[in-house]
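Chemist: No sequence on hand, only this structure:
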C-alpha cells in the first residue's frame, strides 16, 4: 500500500459530503496487471495506462475486486461499529 498524491477524483464527489455535512473518504485500489504496470513504469508511460473512465479500462478482477470490497467493508465497519472500550470486569 502506498499513499496517493492529491488528485481530482471527481468534480462532484465533495458536493455530497458538504451538502449532508458528513465526513467522506476517497481511496484508490490499483487494478492494473502488475506486468503491464512494470512495463509502463519502465517506459515512462504510466499516465497512458487506461483508468476507470476509459473504455479500455480492464482491471484484473482477482484480486482487485476482493481487495476493493474488503477495504470498503473494513472502513465502513470501523465507522459504523467502532470498537467499544473494554468493560470493567470488577
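Modeler: Structure's in. What do you need? Every value quoted in this text rests on a predicted model; they were computed, and no experiment measured them.

Chemist: Let me know the next secondary structure element after the worst-scoring helix or strand of the chain on mean pLDDT.
Modeler: The least trusted helix or strand in the chain, going by mean pLDDT, DSSP states H and E, turns out to be helix 13-20, with a mean of 86. The helix or strand immediately downstream of helix 13-20 is helix 34-43, counting by DSSP states H and E.

Chemist: Please state the offset of that next one from the chain centre?
Modeler: Relative to the mean C-alpha coordinate of its chain, helix 34-43 is positioned 20 Å out (C-alpha atoms, centre = their mean, to the nearest Å).

Chemist: Kindly report the same for stretch 74-86.
Modeler: Centre-to-centre, stretch 74-86 and its host chain are 19 Å apart (C-alpha atoms, centre = their mean).

Chemist: Tell me which residues are up against it.
Modeler: residue 25 (C-beta atoms under 8 Å, 6 or more residues apart in numbering). For every residue, glycine as well, the C-beta is placed using N, CA and C.

Chemist: again with stretch 49-69
Modeler: Contact with stretch 49-69 is made by 29, 30, 31, 32, 33, 36, 37, 40, as judged by C-beta under 8 Å, 6+ apart.

Chemist: about what we covered before: contacts for the least confident helix or strand of the chain, please.
Modeler: By C-beta under 8 Å, 6+ apart, the list of residues contacting helix 13-20 from outside reads 22, 23, 24, 26.

Chemist: gap between it and the chain center?
Modeler: Per C-alpha atoms, centre = their mean, the centroid offset for helix 13-20 relative to its chain is 18 Å.

Chemist: one step back: quick one: which of the contacts of helix 13-20 is nearest residue 71?
Modeler: Sorting the contacts of helix 13-20 by distance to residue 71 puts residue 26 at the head of the list, at 12.0 Å, by C-beta to C-beta.
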